[in-house]
Every structure is written in C-alpha cells, then in structure tokens.
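> I'll drop the sequence and a predicted model, then ask my questions.
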Amino acid sequence: MTTQHALPSYLNPEDLGPWGQYLKQIDRVTPHLGNLSRWVETLKRPKRILTVDVPIERDDGSIAHYEGYRVQHNMSRGPGKGGVRFHQDVTLSEVMALSAWMTVKNAAVNVPYGGAKGGIRVDPKTLSRGELQRLTRRYTSEISLIIGPNKDIPAPDVNTNEQVMAWMMDSYAMIEGNLSTGVVTGKPISLGGSLGRREATGRGVFVVGQAAAAKRGVAIQGARVAIQGFGNVGGVAATMFADAGAKVIAVQDHTGTVVHSNGLDVAQLHKHVAETGGVKGFPGIEQFMDRDAFWGIESDILIPAALEQQITAANAPLIRTKIILEGANGPTTPEADDILSDKDILIVPDVLANAGGVTVSYFEWVQDFSSFFWSEDEINARLTRIMQDAFNAVWDVSQDKKVTLRTATFILACTRVLQAREVRGLYP
Ligand code: NAD
C-alpha cells in the first residue's frame, strides 16, 4: 500500500503551499473511497506539468522573461479544463492545486472533463495592452504543445478575461492553421463565446447559496452578505444577492473594505470600481476598514471570492456567520475548515460553489462544436438545474456519511474520477 505523498523535487517539503492544502483534503476523503482507495495515489500526482519561459519585448525595447505553467492534473474523465491566471504571486504549487481542484470540480458537477490550470507569474497591471497581448500569445505558443479542443481547454481566471481568451484562440488558430474556437472558453460572443458565461460563476454561487440558505433556515430577503473580492465572481454574486433582496453589508477588494449595515448600493459600487479600479473611496459608506477587520463583521452569508488561503486558523475564530459560499478557489485552509465546522458554520466548498463557470464553459464548448448557439434563458435554466442537482447530491452524501459538504463533494467527485481510472486501467 502506498502512503507517501508525491513531492515533485522542486517543491519545498516544509511548505507545500496550496498543493499541501489539497493533499490534506485528499487524505480526508481516502477512508471513504472503499476499494477505489487503491487508486488514490493517482490524485496526488499531476499527470503532466509544463513550465515555460515567456519572453517578450517591452515597449521600451528591453526584453523581459516571465515564468509560466500549464498543469494537467488528471484526464481520466475527459480533456483537461481550467483557467489561466496572470498574477505576481503565481507559483507552481498554486497552479498544481488549482488544476487538482478543477479535477474534483468537473467531476462534482459531472461535466466530461479532467482538471488542468495555467498561469504566469506577472503583475499584468505593470504591462501595456500591447505587452499583455505579446505575453499572452507567446505563452499560448509555448503551451500549444499540450492544449487543444480535445486535449486541454483553458479559460479565464484571475486577471484574465474575454480579450485574453480571444488572443489565445487566435494564436492557437495561427499555429494550427485552422479556426478552432473550442480551444478556449470564456471567449467574446463574437468569437463563439456563450451567453451567460461572464455571469456564470457568480450565478452558480447564488444558486447554491439559495439551496444552503434553505437548509439553514436563512431567508435571502434581508440576509446580511459580506463579500471578499468584487471581480467576476464576487461582483456578480453581489448583484444577484442584492437583486434577490439581500443586504450586501461589506465588500473587500485589494484596495480596502467598505461597509454599510443597511446594505451597500451594489450598482453604484460597480460603477465606482469601473471608474477608479477599486472599492476604496466609495462615497456614502459607514466605514472604511482595514483588511483584517473584515473577517470580524457579523453576517448571515460570507463569500470569499478573491484568492486562496484567505481564511486561516488566525482569522477563522473571528468569523461570525451562518453560511460560507466559497466563490474563490481554495480560500479556506484545512485548519480553518475545522474551526468553522466546530462553530457549526455551513461551508459550501469551492469545488461545488464556484462550478457554475466551468459548467457554462462546457456549454460554450458544446455550442462551438455544434456551431449552434443557445439562448441565455436556456443556458441559465440548465446551469441552475446542474448546480441544484449537484448541491442536493452532495447534501445527501454529507447526511449519509456525517461529513462536511467539502468531504462529501470530494467523495462524490473522487469516486467518479477513480471509477473512470479503474475501468480504463493502466497503459500499457
Ligand atoms: P477577478 O480578477 O475578476 O477579481 C478578483 C477580485 O479579488 C478583485 O475584486 C480584487 O480586487 C480582489 N482581490 C485581489 N487580491 C485581494 C486581496 N489580497 N484582498 C482582497 N481582495 C482581493 O477574479 P475572479 O475571476 O472573480 O476570481 C476570483 C476567485 O474566483 C479566484 O480564486 C478564482 O480562481 C475563482 N474562480 C473564478 C472563476 C471565474 O469564472 N472567473 C471560476 C471559478 C473560480
């Protein structure tokens, strides 16, 4: 029986970062996998890791080099699928963990994909538009060895968007000599993108939020919602909760925290962020707070929707809420998870709560293959059904096995992945 963890030689065994967080989650699910646990080591080793050098010519004529990655964690159930992140703190450990969470997420909502993720360690705010385009195109060229509509399909993540996806698609089309719109998702509508994709992750957070609130007896009307991250995920979730009658009492982004106990004007906040780049300076608030104070704000629903490892053993004891909806990937460390569960806070884990994005990415990919596009209502209705079904299936496992929703999601998803692994067998 193998029990050792896969430690690629270049990871620091003293601090595995987000990959260590993922390995602990796998250890927690292993006792529930029955005979399939024979295959669990598969989940602890990414199938393929590609590290690339991405050189570009800066506008001033100098040459800059950036480090990029594409990790394909597991492809037992289908081609790799997962976003591309441009951020100054991107590490291989982080991309490995994000790729593994994609494996779990895709299996949790039962879309026919494996898990993958990519990233470049760069602060895109320091680049001009032209530099960003050259960076994206060179990165795409470097990873074109392993991506493709039937191999691995990137999508947007932190600091990447529709425009970046359009450049990726175009670069891939130039290399391949044919127009393969299905090589990336999250594209502009004019290039085979899907209606509803931009809002899909936030919408999915809202749908599971409604389901979780019903289980906990929390009325959405009047519920106090606190959100960290006001981008694609947090910003859309804020709008949907506010439209449903909830009070968005606090929003934190990289510029600070704005608070109003009667609820912030979310539409005005979007306008302010679009104009100024952050929530800081938003008029008509009660308080502008320091970063750490955010976690002590009393709420009914808390939505971390920024980056991973935000809720830790240090701030979890401060948290006063009933439900946590993990819009971000990996926002809660395993130690914090235990503290929050002991406080009887219901956590809807990232691998379920933010799966709406990849679900509509799947719809986009299917539409691209068939060149037949669906209406927004159709997309939203299908998304809602998939998210509700996944939530209910996870809820039933959690009740049956008396485990948290996170472990229940991992049980359901890892069972699907390892069943596929088992029937496929090993090659040769
Ligand atoms: P985004 O770039 O659109 O927004 C990120 C937000 O986080 C911004 O408001 C930013 O100000 C804020 N932020 C950054 N650093 C912060 C800090 N230190 N403290 C507080 N706030 C900070 O990114 P996004 O697409 O909304 O992604 C957010 C999270 O959701 C990430 O973990 C991402 O992996 C995850 N996610 C995104 C999608 C998607 O479809 N976009 C899907 C699934 C999961």
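The structure has been received and is ready for your questions. Numbering: from 1, shown residues only.
> which parts of the stretch 201-350 of the chain are helices?
232-243, 266-276, 334-342, 350-353 (DSSP state H, counting those that start in this stretch).
> for the closest residue to the ligand within the chain, what are its contacts?
As assessed by CB to the nearest ligand atom, the ligand sits closest to Gly231 within the chain, at 1.8 Å. The way it works is simple: take the backbone N, C-alpha and C, and place the C-beta from them, glycine included. Residues near Gly231 by CB atoms under 8 Å, 6 or more residues apart in numbering: 158, 253, 305-306.
> ditto for Ala336
Contacts of Ala336 by CB under 8 Å, 6+ apart are 311-313, 315-316.
> narrow these to those that are buried.
311, 315-316 (16 or more other CB atoms under 10 Å).
> go through the chain and flag its longest helix.
helix 376-401 (DSSP state H).
> neighbours around the nearest residue to Glu94 once chain neighbours are set aside, how many?
The shortest distance from Glu94 to any non-neighbouring residue, by CB to CB, 6 or more residues apart in numbering, is to Pro18 (4.9 Å). Residues within reach of Pro18, counting by other CB atoms under 10 Å, total 22.
> same question for Phe372.
Phe372 has 8 neighbouring residues, counting by other CB under 10 Å.
> let's verify it: helix, strand, or coil?
coil (DSSP: H, G, I helix; E, B strand; the rest coil).
> distance check, it against Pro79.
21 Å (CB to CB, to the nearest Å).
> what's the answer for Tyr113, then?
6 Å.
> neighbour count winner among those two?
Tyr113 (26 against 19).
> secondary structure class for the residue lying closest to that one once chain neighbours are set aside?
In space, and not counting its chain neighbours, Tyr113 is closest to Lys81: 3.8 Å by CB to CB, 6+ apart. Following three-state DSSP, we place Lys81 in the strand state.
> is Lys81 in a bridge, and if so with what?
Ile153 (DSSP bridges).
> hmm, it is touching Asn150, no?
No - Lys81 is not in contact with Asn150 according to CB atoms under 8 Å; the separation is 11.4 Å.
> which element is the nearest residue to Leu43 once chain neighbours are set aside on?
Spatial nearest neighbour of Leu43, excluding adjacent residues (CB to CB, 6+ apart): Ile26 at 5.4 Å. Assessed by DSSP states H and E, Ile26 sits inside helix 18-29.
> now that helix: buried residues?
Buried residues in helix 18-29 (16+ other CB under 10 Å): 18-23, 25-26, 28-29.
> tell me which other helices or strands the helix or strand that that helix is followed by touches.
Counting by DSSP H and E, the next helix or strand C-terminal to helix 18-29 is strand 48-57. In terms of contacts (3 or more CB pairs under 8 Å, 6 or more residues apart in numbering; DSSP states H and E), strand 48-57 is packed against strand 63-74, helix 92-108, helix 129-143.
> who touches the helix holding Ile26?
5, 11, 16, 40, 43-44, 93-94, 96-98, 100-101, 308-309, 330, 333-334, 406-407, 410-411, 414.
> the residue of the chain positioned farthest from its centre and Val360: what is the separation?
Relative to the centre of the chain, the most outlying C-alpha is that of Gly61, 35.8 Å out, by CA atoms, centre = their mean. Between Gly61 and Val360 the distance, using CB to CB, works out to 42 Å.
> and the stretch 151-300 of the chain, which residues reach the ligand?
Counting by CB under 6 Å from any ligand atom, the stretch 151-300 of the chain comes close to the ligand at 156-159, 201, 228-234, 252-254.
> recalculate using a threshold of 8 Å.
155-159, 161, 186, 200-202, 228-235, 252-255, 273, 278-279, 291 (CB under 8 Å from any ligand atom).
> most neighbours out of the contacts of Gly231, which is it?
Ala305 (32 neighbours).
> the bottom helix or strand of this structure by mean pLDDT?
strand 287-289 (a mean of 81; mean pLDDT, DSSP states H and E).
> Gly78 touches Gly115, doesn't it?
No - counting by CB under 8 Å, Gly78 stays clear of Gly115, with 9.8 Å between them.
> more crowded one of these two?
Shown here are Gly78 and Gly115; by other CB under 10 Å, Gly115 has more neighbours (33 against 18).
> and for that one, nearest residue in space, chain neighbours not counted?
Thr103 (2.9 Å).
> got the contact list for the one you found?
43, 73-74, 114-115, 413, 417 are the contacts of Thr103 under CB under 8 Å, 6+ apart.
> can you rerun that using 7 Å?
73-74, 114-115, 417 (CB atoms under 7 Å, 6 or more residues apart in numbering).
> and stretch 105-125, how far apart are its ends?
Across stretch 105-125, the terminal residues are separated by 29 Å (CA to CA, to the nearest Å).
> per-residue confidence at the closest residue in space to Ile220 that isn't next to it in sequence?
For Ile220, ignoring the flanking residues on the chain, the nearest one in space by CB to CB, 6+ apart is Ala244 at 5.0 Å. Ala244 is assigned 98 on the pLDDT scale.
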